[in-house]
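Undergrad: based on what follows, work out the 3D shape:
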Amino acid sequence: MSVPTRADAAQPVKLLALGDSLTAGYGLPEPEGFTRQLEKALTERGYNVTVINAGVSGDTTAGGRARLDWALADKPDAAIVELGANDMLRGLDPAQAKDNLDAILKALKERRIPTLLAGMYASPSLGKPYTDKFNAIYPDLAKTYDLPLYPFFLDGVALERSLIQQDGLHPNAKGVATIVERILPSVTALLDSLPQIQKTTEKPGG
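TA: Here you go, the predicted model:
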């Protein structure tokens, strides 16, 4: 009797990616966006998973909070939350961004949806008082809800001009590939925590 693999599960795991343009794949053909590249990388590693693109370009934390119920209509098994960049770019109050993210994470916890929180760093040009408050949002919330935190979604990309589109803000296809490569261990750890993943990887009789 063969040992089942992660790809043997009858129904794919649904992974919700709730975010802004960085999740939506702004300026890129669909196959080159974050959710498609992430799904491909996970599939190549044996995960039977569908990554749901719930990214909306220009969305703030308030926008993500407002459409959360709609995003949960697909009944995801797990979620990645990537929001806050637009709050920062617009200089919106970090306290309000934290309140919105808190409401999102609370709703996900109440629905027992394991979540990976993807953080963002504020631009130093906004001044130390603002950046200190903004940068503290994500570790504080991760601690409050006992969530895994990927500290900076644009890690390895933000300061690399060759990985950024002409607008100077959004990653190009190679930039997205870098994001996926770096965040992948955190995503697989999230998926491995799911009961249905464990069931498909356990040994017969185990």
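
Undergrad: what about residue 128, how many residues close to it?
TA: Using other CB atoms under 10 Å, residue 128 is surrounded by 9 other residues. All C-beta spots, glycine's among them, are computed from the backbone N, C-alpha and C.

Undergrad: just the pLDDT at it, thanks.
TA: Among the per-residue scores, residue 128 shows a pLDDT of 96.

Undergrad: how close does it sit to residue 137?
TA: Using CB to CB, to the nearest Å, residue 128 is found at 15 Å from residue 137.

Undergrad: next one: residue 63
TA: Using CB to CB, residue 63 is found at 16 Å from residue 137.

Undergrad: what residue ranges in this protein score low on pLDDT?
TA: In the predicted model of the chain, residues 1-10, 198-206 satisfy pLDDT under 70.

Undergrad: same thing but at 90, please
TA: Scanning the chain for pLDDT under 90 picks out the ranges 1-11, 159, 168, 195-206.

Undergrad: which parts of it are helices?
TA: In the chain, the helices defined using DSSP state H lie at 21-24, 34-44, 61-66, 68-71, 85-89, 94-110, 128-135, 137-144, 173-192, 195-201.

Undergrad: out of those, deepest packed?
TA: Highest mean neighbour count of the helices of the chain: helix 21-24, a mean of 24 (counted as mean count of other CB atoms under 10 Å).

Undergrad: how about residue 142: what's its closest non-neighbour residue?
TA: The shortest distance from residue 142 to any non-neighbouring residue, by CB to CB, 6 or more residues apart in numbering, is to residue 149 (3.8 Å).

Undergrad: that neighbour and residue 138 touch, don't they?
TA: Yes. Residue 149 is within contact range of residue 138, at 6.0 Å (criterion: CB atoms under 8 Å).

Undergrad: what residues are shared contacts of the two?
TA: Common contact partners of residue 149 and residue 138 (CB atoms under 8 Å, 6 or more residues apart in numbering): 117, 119.

Undergrad: isn't residue 41 up against residue 178?
TA: No. Residue 41 lies out of contact with residue 178 (CB under 8 Å); the separation is 11.7 Å.

Undergrad: find residues that contact each of the two.
TA: Both residue 41 and residue 178 lack any common contacting residue under the criterion CB under 8 Å, 6+ apart.

Undergrad: apart from its neighbours in sequence, what residue is nearest residue 108?
TA: Nearest non-adjacent residue to residue 108, counting by CB to CB, 6+ apart: residue 115, 4.9 Å away.

Undergrad: spatially central residue in this protein, please.
TA: For the chain, the residue nearest the mean C-alpha position is residue 80 (3.3 Å; CA atoms, centre = their mean).

Undergrad: show me what that residue is bridged to.
TA: Judged by DSSP bridges, the bridge partners of residue 80 are residue 17, residue 116.

Undergrad: that one against residue 34, yeah?
TA: No. In terms of CB under 8 Å, residue 80 does not count as a neighbour of residue 34; the distance is 9.4 Å.

Undergrad: identify the contacts common to these two.
TA: 17, 19, 23.

Undergrad: give me every residue that touches residue 193.
TA: Applying CB under 8 Å, 6+ apart, we find residue 193 in contact with residue 114.

Undergrad: nice, that's everything, thank you.
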